[in-house]
Every structure is written in structure tokens, then in C-alpha cells.
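# A predicted structure for the sequence below; I have some questions about it.
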Amino acid sequence: MAKASSKKLTGIAVPLGALYTKENPVIGEYPDLAVFAEFCKKADIDLIQLLPVNDTGTQSSPYSGLSAYALHPIYIRLKDIPGFEALYNSDEKFKKRYDDFIQKYGYTLRYDYDGISKAKEALILAIWATTESYQKGSPDVALTKWISENEWVKTYAVYKNLKHNYEQASWKSWHKEDQQKTPEEIKKLWSTKAFYKEHLFHAWCQKIADEQFTAATKKVHELGIKIKGDMPILMNDDSCDAWAFPQFFNQNLRAGSPVDNENPTGQNWGFPTYNWKNLKADNYSWWKKRLTLSEKYYDAYRLDHILGFFRIWAIPDTDANAINGHTEPYAALKIEDLYNLGFDDDRIRWLSQPHIPTGVIEDITWNHDSAHKILSVFCDKIENEELWRFKKTVKGSQQIYWTDLSEYCNDDAANRIRQKLVDYWSNRTLLEVAKNKFVPLWIYFKSTSWQTLSDYEKDQLKKEFDALDVKNTALWKKQSDEILSALTKSVKMTPCGEDLGVNIECVPAVMEKNGILGLRVIRWTRKWAENGQPYIPFEDYTALSVATTSVHDSSTNRQWWNEEKDSAKAFVYENAADFGIAKDWNEAARISNGEFTPELAEKIMLSCTKANSMWFISPIQDFLYMEKRYWLDNAADERINIPGSVTKFNWTYRLPIEITELANDNELIEKIKKVAKR
């Protein structure tokens, strides 16, 4: 693990696909990084931060990895592939296809991920067909050498070809014999004659991507600029790695986050959790290989959702929302503990299993018999009572949503009934996470069973829950220290961690021990528990951190200023001198209520540079705001991603100006230089 330089660095965060040049107007590509670095060098920028550039298949989100190791072919520059020029000059059909590709997908403010990805792959295939490796059906000397140095590509190539043959369907829907393959079977399949050319194509494609990215990063480094990569903590359920290394993933659990004010049912991200026990037994080799491969290009890396190394919010894969999730690892109450508190089996069942009154369904059907029939689909009636418990065959809320109730009621009633039953699915005090092992539901205090307890019983259970919290903290500290120590020591890159919203006491200490820079999004770095929620003074920032004005999941500075006036006012008040005013709330209100301008953008950026953080890295949009000619008409269009939405808008941001033009904008460059003088 490399120690972060004591020198304060300034960086720009930009998605690779956002870079725009006249020569390559379709999408930012690996070689464009070197051109962008020339602009950064002129502006005294020390570091470029990228979003993940791994292959994500049909998913535009860079955090939805199809492979932990493979680079994304969408960023390959076609014109730089050996054989392109000869084919373009000799084959009229190919020439027309390429020219049509450039014309159809030429520069727009958002790029067409699906269209570009498919069209570019077809063009790369056409070039591949002219290579010696394709024509002979065996790798040439250079490709043979590259494959021998990158053995992982064999598994990736086999997976990619299978995925193509199954028309991009999830591997879980493949034929049984293809869903599970041992390493030996994958290796054998790699060299199977019927598929060998297809497998070699994917390996050749990765070789091209690696060579282009390596050449670009070499030029960046020659300019004295560092590169920070991004390491998503989780892998897509439908990924090469989840398919090839099932021992490292818990396919019966999904990662997410618990209930909070903004997410009343929590968040279910759909990605499998890790089996850390098996990863540890293998000396974390899978993770270490991810880092080692990244070190070929990067000087630093960002560990996304670092809290997940301490504990992950694990949700049964049968549930639609995240309410019935629990932390992994966890400390649990044993059934004997509950017996000792005076709870017998009936009362433990009352606390841990939902009990549904007939009346809640009858209020929708307005018919007692219909309510009984519908409840009988999901539940067993408790003898002599108008109460029901879910059948053992009901495994999760997804099953409730999917059940057809058309023979009992109309669609509107059916939807209301299903939602009511889903609500009851999470109406419990205790969650049985393993046989006779229980943890409190995250929102247990809202459950019907909790409300029926006496104050004494609530007090006794609360003491047990508090004791579990203490045990959990110890478990999380132990696990994270083991993992992060092993990973950070395996490479020389500087580690950074996305620790937003973390309020677990052991996190800062473990990060500091392992030399991991935390993240401080300035607008969110506040004393939230205090009256007025004041901003934390810049001098109080820990040096072991990266400060930023905004992130890919947030609004930009311009949108923040225009739409979050209270936050902007509090920022101006805390940093009044930077805006040329006295520290007065009326004056702060006057400034913050004003129109966002390039002058204000510059003042905000200069103010933020005072952060005591070792690194200050902000998105390129927040730098471009210092010159109004780069603003889009609608500030919302300058965002990279809107969390919780899946649209073609997300992750397809492009710069509003071509890079070489940007490198000649001396006015902007001089303003950025002022920011870089930290």
C-alpha cells in the first residue's frame, strides 16, 4: 500500500465516455484520456479520477459489472486497431458501415449506449475477421503471449460467448449444464474447436483495449498526472464472476441498505453479497487480482461503498424490498435467550412471524368468505381465531407480488391486497435469520407485536438489542480490518473509500489504520445533530480524506445552488469571507438567493479548496461552471446519474466542448489554476 503524498493535490473527476474530440465524436475512448491530460497539465491539475471502465455488457451503469477484470470494449478506438486502415481503404462496405456509424452516433449531449455498443462490436468483429489469428483459427505470437499473461481472459471469453449464444439472457436461465461449470470444464470449453474462434475474438478484443488504455495512461503519467480508478464493491448477479466463482458469492442474498427517511422500504440493489469466509480461505485472491490488474493503469483507487467491507445489508433474494434484511456478519439472540426472558414458543412465534387479521383483507373485498379464500392462498388460519400466519411455502414478498388473484377479485383490489400482505410480511419484531437465531427487524418498533409488549418486556428486549449492537461492532471491526489490511497491502496504489453516511464508530479508525482516504462531499459535511446543521469548518477536515463539491450520484454545484437554497445559505454563512460579506444570516441569504453565475461558481470552488483534505477532486461540470459558455440550458441535464432510476439518461453524460478546444481556453485554464493552488 502506498502512502498518500503529504502534498495537497487537486483533481478532476470525469467519466471516460464523456470525453469529446472532433476526430472521435461518438463516445470518449481510451486514447482520449491522454488528450484530456494535456488540458489538465495546462491547468495544473494533479490527478484525473475516472468512473469504472470494466465491461458491463448491456448495462450502461459502470457499477453493474459483467466482469471484475475485463475492460469495456465500448471505449476502444476503432481507427487505432491494427488492420482498420487497410480494411477501410479496401472494403467499400466496411467503409460505408464505419462512416454511417460516425454519422449516426456523432456527438450529442447524451450518447446512445446500446446503439454504440452493438454497432462498435460489429465493426470490431469485421476487423477481427482480417487478422491472422482469425484466418488461421489460432492465436498469433502476440495474442498467445498476452493470453498467457492474462489467464483470466479464458473464463471471460467462454462466458461472453455463452451469453451471446443465449441472446444475453442471465446465466441462471441457461441450460442446466451451462449454469454450473468447474474451472476444469471452463478451461476445456475454452479450447473447444467449435467455439475457439469466438473465444479468441474476446481475448483479442481485451488485448486491444489493454494496449490502448496502457498507452493512454503511460502518456498521462509522463505528464506527471496521477490517475484514480474506481472499484465497485459489488458484482452484478448476472456476471462472469458470479457464474465462474459461485463459492465467493451468496446467491440467496442481495445487497442493499436499510430503511431511512428517504427510503421507507430500504434499497435492494439486486447484487449478490460476498461469501467472505470462502474469500478469506482463498487468501482474497479474487479481490487481490482485481487490484493487481487495476494497478497497471492507476495510482489510486476508490473502494465504492466501503461500509460493505465492515458489514453489508443482506436481503433474502426472495424479497422485493429491503425491510427484512439484516447485517452480515451479525450477532444473534438464540432461542434460549428468549426463553430466559420469559417468552415461550407461542410468544416467540408472535414476535417473529406476522399475524394477519381477517379484517384487513375483508376491508378490501367487503366479503368475509372472499377474504378467507384469498388469505388461504398465502396463509394458514390459526384455530378458533380470525388470525392468519403465512404458510411455510411462502418464502418472500416477491412471491406475494407474483401471485395471481384474478379468480377472487378485480385488478385494483388484487393490487391493494398484495400490497397489504407485503406490508404484513415485514410486520414482526424479530427476524429469524437462521434456525432458532433471531435479530431485531430494523423497524421492529413499528410492528404490531412490539406494541403489544409490556414496558418491562420492551425494556428487557431493548437491553438485548443494545448488547447485540456492541457485539456487532466488534464483528464488523474484525472483519473489515482483516479484509482491508490484506487488500491494501497487496498493491502500491493509494486506497480511497466511499464512506458517505457512515455512522459506525469503528469505521474511521479502521480506515486510518489502513491508510484509506475517506470521502467528504462538502455540502453533506455538516453537524447534522446540531441546531441549524452547520457546515463543519474546512480546517476540521481530516487530512486523510478526499474533498469534493459533488459526486456522480448527486446534483452538480449549479443545480444544488438553484434548488437547495437552505444548504447554499448555510455554506455561504460558514464561509462568509470568501463571498466578501460579514458572517451574517441576512447577508448569507442575500447571496444565496441570487442567481448562480460563473463568478459564484469560482468563489465556491476557491472556498472549497481550503478543505484540510489531502486531495480535492471535483467533477468536471463544477469546473466548467466558471465559464458560462459551457452551461447547458437545463442544469439537470448536466448530471451523470439519478439514483433510483433506470433510464437512457443515466451514465451517458458528455462534455459540452471538444477536448482540444478546451485545452485552448486560457480564461478557464487560469481560473482552474487558481483552484489548483491549494
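That came in fine, so what should we check first?

# show me the contacts for Tyr196.
The contact partners of Tyr196, by C-beta atoms under 8 Å, 6 or more residues apart in numbering, come to Gly137, Ser138, Trp190. Placement of C-beta: from N, CA and C, glycine included.

# repeat that with 10 Å
With contacts defined as C-beta atoms under 10 Å, 6 or more residues apart in numbering, the neighbours of Tyr196 are Gly137, Ser138, Pro139, Ala157, Asn161, Leu189, Trp190.

# pull out the buried residues from those.
With burial judged by 16 or more other C-beta atoms under 10 Å, the buried subset of the contacts of Tyr196 is Pro139, Ala157, Asn161, Leu189, Trp190.

# let me have those residues in TSV, extended by distance to Asn612 and secondary structure.
Formatted as TSV, those follow (distance: C-beta to C-beta, whole Å; DSSP: H, G, I helix; E, B strand; the rest coil):
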residue	distance to Asn612	secondary structure
Pro139	52	coil
Ala157	47	helix
Asn161	51	helix
Leu189	54	helix
Trp190	52	helix
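
# those: which two are farthest apart?
Pro139 and Leu189 (16.5 Å; C-beta to C-beta).

# how much space between Ile102 and Tyr630?
Using C-beta to C-beta, to the nearest Å, one gets 24 Å for the distance from Ile102 to Tyr630.

# if you count surrounding residues, which of these two has more?
Tyr630 (19 against 13; other C-beta atoms under 10 Å).

# can you map out the strands along the stretch 1-150 of the chain?
9-13, 47-49 (DSSP state E, counting those that start in this stretch).

# and for the chain, the residue most distant from the center?
Asn384 (50.1 Å; C-alpha atoms, centre = their mean).

# now it: phi and psi?
Note on Asn384: backbone dihedrals following degrees, to the nearest 10 are phi 60, psi 10.

# per-residue pLDDT of it, please?
pLDDT, Asn384: 91.

# kindly report the same for the one 3 residues further on.
Note on Leu387: pLDDT of 97.

# I'd say it and Tyr424 touch.
No: counting by C-beta atoms under 10 Å, Leu387 stays clear of Tyr424, with 11.1 Å between them.

# same for the helix or strand Asp380 falls within, what does it pack against?
Element membership of Asp380 [criterion: DSSP states H and E] is strand 379-381. The helices and strands touching strand 379-381, judged by 3 or more C-beta pairs under 10 Å, 6 or more residues apart in numbering; DSSP states H and E, are helix 358-365, helix 368-378, strand 387-390.

# redo these as TSV? Include distance to Lys93 and mean neighbour count.
Below are the helices and strands packed on strand 379-381 laid out as TSV (distance: least, C-beta to C-beta, whole Å; neighbours: other C-beta atoms under 10 Å):
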stretch	distance to Lys93	mean neighbour count
helix 358-365	62	18
helix 368-378	59	18
strand 387-390	61	19
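
# report the longest helix in this structure, please.
Determined from DSSP state H, the single longest helix within the chain is helix 455-488.

# and it, average pLDDT?
Helix 455-488 comes out with an average pLDDT of 97.

# do the same with stretch 568-578
Regarding stretch 568-578, the rounded mean pLDDT is 97.

# from the chain's centre, how far out does it sit?
How far stretch 568-578 lies from its chain's middle: 32 Å, per C-alpha atoms, centre = their mean, to the nearest Å.

# report the contact partners of Gln179.
Contacts of Gln179 (C-beta under 10 Å, 6+ apart): Leu162, Ser170, Trp171, Lys172, Ser173, Trp243, Pro246.

# how far away is it from Lys188?
Distance, Gln179 to Lys188, by C-beta to C-beta: 17 Å.

# kindly report the same for Glu482.
In terms of C-beta to C-beta, Glu482 sits 35 Å off from Lys188.

# check Val360 too.
Relative to Lys188, and taking C-beta to C-beta, Val360 is found at 57 Å.

# what's the answer for Glu85, then?
Applying C-beta to C-beta, the value for Glu85 to Lys188 is 38 Å.

# same check on Val158?
10 Å.

# which strand residues bridge Lys228?
Taking DSSP bridges as the rule, Lys228 bridges to Gln49, Ala300.

# what's near enough to touch it?
Residues in contact with Lys228 (C-beta under 10 Å, 6+ apart) are 9, 11, 13, 47-50, 298-302, 493-494, 496, 517, 546, 615, 617.

# again with Glu563
So Glu563 contacts Ser555, Ala635, Ala636 (C-beta under 10 Å, 6+ apart).

# any idea how far Glu383 is from the second one?
This points to Ala635. From Ala635 over to Glu383 the distance is 62 Å, taken as C-beta to C-beta.

# please apply the same query to the first one.
Between Ser555 and Glu383 the distance, using C-beta to C-beta, works out to 56 Å.

# same check, this time on Trp402
The spacing between Trp402 and Glu383, counted by C-beta to C-beta, is 29 Å.

# those two: which is more packed in?
Shown here are Trp402 and Glu383; by other C-beta under 10 Å, Trp402 has more neighbours (9 against 6).

# can you report phi and psi for Asp230?
Torsion angles at Asp230 (phi, psi; degrees, to the nearest 10) stand at phi -130, psi 130.

# from Tyr298, how far off is it?
According to C-beta to C-beta, Asp230 stands 9 Å off from Tyr298.

# thinking again about what came up before, quick one: buried ones out of the contacts of Glu563?
Neighbour-count burial (16+ other C-beta under 10 Å) applied to the contacts of Glu563 gives Ser555, Ala635.

# dump the contacts of Glu563 to TSV, plus distance to Pro598, secondary structure and pLDDT.
What follows is the contacts of Glu563, written out as TSV (distance: C-beta to C-beta, whole Å; DSSP: H, G, I helix; E, B strand; the rest coil; pLDDT from 0 to 100):
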residue	distance to Pro598	secondary structure	pLDDT
Ser555	18	coil	97
Ala635	14	helix	96
Ala636	19	helix	96
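
# tell me, what's the model's pLDDT at the nearest residue to Leu338 once chain neighbours are set aside?
Leaving out its chain neighbours, the residue that sits closest to Leu338 by C-beta to C-beta, 6 or more residues apart in numbering is Ile348, at 5.4 Å. For Ile348, the pLDDT comes out at 98.
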